[in-house]
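Chemist: Task: produce atomic coordinates for the following.
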Amino acid sequence: MGLPGIRKRGGSASKRARQVKHPVSQNDRISVFLELADAYRLTNSTHEAAKIMQDAINEFSGTPEEVRITVANADLALNRGDVEHALTMLRNVKPEMSYYVQAREKMAEIYLHHRKDKRLYASCYRELLDKHPSPHTALLLGDAYMSIQEPEKAIEVYEQAMKRNPRDSSLASKIGQALVKTHQYGKAINYYESAMKNGGQPFMRHDLGELLLKLRQYAKAEKILTQALEHDPSNDLAVMVDDVKLLILLAKVQEKNGKLENGLLALTKARDMQARVLKRVQVEQPDSLPTHKAQASSICAQIGKHHSDQREYDKAIKLYKEALVYTDSDGKAMLEVARLYLLQDDMDACQHQLVQLLQSETENDAATVMMADLMFRKGEYDQATFHFQQLLERSPDHYEAMEKLVDLLRRAGKLEDVPRYLEMAESSSAKATVEPGYNYCKALYEWHTGKPNDALKHFNMARKDSDWGQKAIQNMIEICINPDNNTLGGETFETMADDMSSAAEKADSEQMAARTADKLVRELKPQPGSDKHVMLENYVLMATKSKTNIEKALSSFMEMATSERENIGALLGVATAYMMMKQTPRARNQLKRIVRMNWVAPDAEEYEKSWLLLADVYIQSGKYDMATELLKKCLQHNKSCCKAYEYMGFIMEKEQSYKDASTNYEHAWKFSNKSSPTIGKKQ
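Modeler: Down below sits the predicted model:
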């Protein structure tokens with residue numbers, strides 16, 4: 001405030017001389033007062049701010065700029081919580097005064113955000129249009145109606161303004177947006193097209209393209225956007241910025257229309273042009289540099305996603321890393337790089353990326369889940385469990401983490417710990433028991449503790465959900481096919497049926513379950529890059545026990561195994577089909593191929609089933625040592641594997657090591673949740 005020329009009143013003759021020599025405009029002088037008062041306000045120095053504001057009132061009272069001080073003073077009153085005083089000051093600003101528009105806008109803001117009165121909010125802008133009719137005030141009133149969800153009134157205002165300014169493309173755009181909000185899509189399209197004929201700006205074509213994309217009129221949207229981009233090369237910065245937006249939208253339209261390569265080409269052009277924009281913006285518009293960097297990062301991420309979807313992981317990683325050059329703290333891009341490293345089985349690179357991310361975002365749930373998943377894949381179960389437990393302590397309803405924790409605790413032989421986390425979720429929300437995610441996790445627990453009927457009930461409650469439904473249906477099908485968790489195709493325990501059930505009743509039950517599974521299969525939606533639905537269809541066919549259906553399933557499995565040589569699920573399917581057809585040597589050859597492969601977490605279930613089935617084959621041929629080795633591998637990766645303990649007990653019994661047999665049967669009884677009479681009577 002001591003700068004020459006800021007204060008006019010008082011001061012020495014030498015200061016006044018300097019003020020004349022270096023004059024400061026009245027507008028700039030007021031700005032200094034107001035900026036200082038605002039700085040004090042923002043630092044909660046209310047007394048100092050009020051003092052500076054009073055100095056400004058004394059200094060500029062009676063000048064045309066006095067109203068600026070009134071508007072700023074209203075902000076200060078609001079900061080003190082004196083809403084009525086702020087409104088009183090603003091009401092005293094008359095229509096003929098300068099800054100009347102700003103005063104009315106401030107009043108409207110107070111009515112909306114402090115008084116929560118939409119009627120008075122809109123009335124400020126209506127009064128403004130009445131006193132100062134202009135395209136600008138008409139836009140303000142229309143925008144006000146849009147902000148309080150009254151698009152019909154907004155359309156009326158915009159259309160009246162449009163009659164006075166028929167070539168104003170921004171008004172046509174506003175009308176189009178309002179019409180879209182009221183679902184008058186046909187009329188909105190007509191407005192956009194009419195505006196473009198009158199020489200509308202490129203953003204009009206962008207808005208129309210977005211609307212056509214929403215309406216799934218992909219061909220028309222592509223034509224509109226392509227036409228907008230058909231112009232001579234330009235070095236005009238505004239044109240380049242508009243072209244980038246058009247290219248991004250064009251890529252989205254082409255991708256939706258199944259033209260993936262064209263979409264990638266459009267994004268590549270957008271990326272190159274955005275690089276040129278960034279060079280210019282650094283010099284010409286440095287304030288907008290962060291926005292344009294974020295745009296460049298987004299484009300790189302979209303190209304990276306395209307490569308990721310095509311399983312071109314190296315290219316995808318390169319693009320996501322380029323995105324991080326523009327926005328080095330982008331958690332989503334960092335997480336995506338980690339995910340891609342995980343898909344490539346590059347555990348160390350994945351862990352390095354996640355550690356960096358969790359250092360900057362300690363409570364990033366997605367990163368915590370991935371870190372725990374990584375620890376699981378590395379066989380560090382305690383570390384994996386720790387990460388999931390930490391996450392569930394702060395977010396008990398994080399059901400994605402709970403799903404993985406249930407599996408981890410099963411593999412660690414600690415399923416008895418699961419109810420604690422289910423209870424935490426119930427305590428955190430009264431609606432937890434009807435949440436699809438909760439029911440899915442509850443069903444997993446029931447399934448793994450030998451309660452298939454209870455599991456089916458809870459899976460069924462998640463069955464219609466968009467996130468959990470497909471996985472729930474898959475698990476329901478598996479339960480229908482194999483409710484007792486037997487070794488499909490195995491022969492060792494084939495003759496050990498429950499005494500209370502006749503063979504005929506069991507066959508009827510199996511056929512009924514197969515029919516239910518067949519109905520559920522029809523609800524499955526094929527997922528890109530996954531053949532799970534085909535495998536389940538084949539298992540449903542085999543569950544009918546019909547030779548024709550088993551041969552049909554075998555043919556399908558063999559086709560899958562031929563196209564992808566290390567498809568473990570397909571190889572297991574082939575082996576299971578051969579076992580059902582009593583072609584044991586052929587089944588054994590397929591299972592031996594799986595045994596030679598390295599265990600990976602995503603295929604853990606298939607490995608376990610394969611080892612159990614091959615162990616069954618070896619037991620039937622008296623090769624107990626080879627069977628035991630496989631069963632130990634099962635228990636190494638899943639300490640709750642009831643069937644492995646049962647096979648071990650059977651082997652020990654055959655070898656007349658009755659104490660060891662009893663111990664293994666005891667473990668099998670425990671991990672079946674004491675639900676299998678066949679095991680129970682052997683203890």
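
Chemist: any idea how far residue 114 lies from residue 666?
Modeler: Relative to residue 666, residue 114 is positioned 70 Å away (criterion: Cβ to Cβ, to the nearest Å). In this view, the C-beta of every residue, glycine as well, is placed from N, C-alpha and C.

Chemist: what helices or strands is the longest helix along the chain leaning on?
Modeler: For the chain, the helix that runs over the most residues, judged by DSSP state H, is helix 260-284. Packing contacts for helix 260-284, counted by 3 or more Cβ pairs under 8 Å, 6 or more residues apart in numbering; DSSP states H and E, involve helix 237-256, helix 289-309.

Chemist: Could you check the last one and say which residues are buried?
Modeler: Taking 16 or more other Cβ atoms under 10 Å as the basis for neighbour counts, the residues of helix 289-309 that come out buried are 292-293, 295-308.

Chemist: For the strand or helix carrying residue 138, which outside residues touch it?
Modeler: In the assignment (DSSP states H and E), residue 138 maps to helix 135-147. Helix 135-147 has contacts (Cβ atoms under 8 Å, 6 or more residues apart in numbering) with 101, 105, 108, 112, 121-122, 124-126, 128-129, 151, 153-155, 157-158, 160-161, 164-165, 168, 170-171, 174, 177-178, 181.

Chemist: after the worst-scoring helix or strand of the chain on mean pLDDT, next one along is what?
Modeler: Taking mean pLDDT, DSSP states H and E as the measure, the chain has helix 13-21 as its least confident helix or strand, at a mean of 44. Next along the chain after helix 13-21, taking DSSP H and E as the criterion, comes helix 26-42.

Chemist: which strands and helices sit next to the helix or strand following that next one?
Modeler: Elements were assigned by DSSP H and E; along the chain past helix 26-42, the next helix or strand is helix 46-60. Under the contact criterion of 3+ Cβ pairs under 8 Å, 6+ apart, the helices and strands touching helix 46-60 comprise helix 26-42, helix 66-79.

Chemist: Residue 524: neighbour count?
Modeler: By the criterion of other Cβ atoms under 10 Å, residue 524 has 17 neighbours.

Chemist: distance of the closest residue to it other than its chain neighbours from residue 522?
Modeler: Of all residues not flanking residue 524 in the chain, residue 533 sits nearest, at 4.4 Å (Cβ to Cβ, 6 or more residues apart in numbering). Note on residue 533: its distance to residue 522, by Cβ to Cβ, is 10 Å.

Chemist: Neighbour count: those two, which is higher?
Modeler: For residue 533 against residue 522, the residue with the higher neighbour count under other Cβ under 10 Å is residue 533, and the figures read 17 against 8.

Chemist: Tell me where the model's unsure across this structure.
Modeler: In the prediction, the chain carries residues with pLDDT under 70 at positions 1-24, 26, 64, 167-169, 198-202, 495-504, 528-529, 677, 680-683.

Chemist: Kindly recompute the last result at 50.
Modeler: Of all residues in the chain, those with pLDDT under 50 make up the ranges 3, 9-21, 497-501.

Chemist: returning to that earlier point: how about the helices and strands packed on helix 260-284, which one is nearest residue 30?
Modeler: Proximity to residue 30, assessed across these by Cβ to Cβ, is greatest for helix 289-309 (29.9 Å).

Chemist: tilt between the closest one and helix 260-284?
Modeler: Relative orientation of helix 289-309 versus helix 260-284 (axes from the mean of the first three to the mean of the last three Cα atoms, to 10 degrees): 160 degrees.

Chemist: got the contact list for the helix or strand following helix 289-309?
Modeler: Sequence-wise, the next helix or strand downstream of helix 289-309 (DSSP H and E) is helix 313-326. Identification of contacts with helix 313-326 by Cβ under 8 Å, 6+ apart yields 293-294, 296-298, 300-301, 303-305, 307-308, 330, 333-334, 336-337, 340-341, 343-344.

Chemist: in helix 313-326, what counts as buried?
Modeler: Taking 16+ other Cβ under 10 Å as the basis for neighbour counts, the residues of helix 313-326 that come out buried are 313, 315, 316, 317, 319, 320, 322, 323, 324, 326.

Chemist: Compute the inter-axis angle for that helix and helix 260-284.
Modeler: Direction vectors for helix 313-326 and helix 260-284, defined by the same axes, to 10 degrees, enclose an angle of 20 degrees.

Chemist: right, and the helix or strand after helix 313-326?
Modeler: The C-terminal neighbour of helix 313-326 among helices and strands, as given by DSSP H and E, is helix 331-343.

Chemist: Which elements pack onto that following helix?
Modeler: Using 3+ Cβ pairs under 8 Å, 6+ apart as the contact criterion, the elements in contact with helix 331-343 are helix 289-309, helix 313-326, helix 347-360, helix 365-377.

Chemist: export those to CSV and tack on distance to residue 566?
Modeler: Compiled in CSV, these are given as follows (distance: least, Cβ to Cβ, whole Å):
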stretch, distance to residue 566
helix 289-309, 21
helix 313-326, 17
helix 347-360, 19
helix 365-377, 17
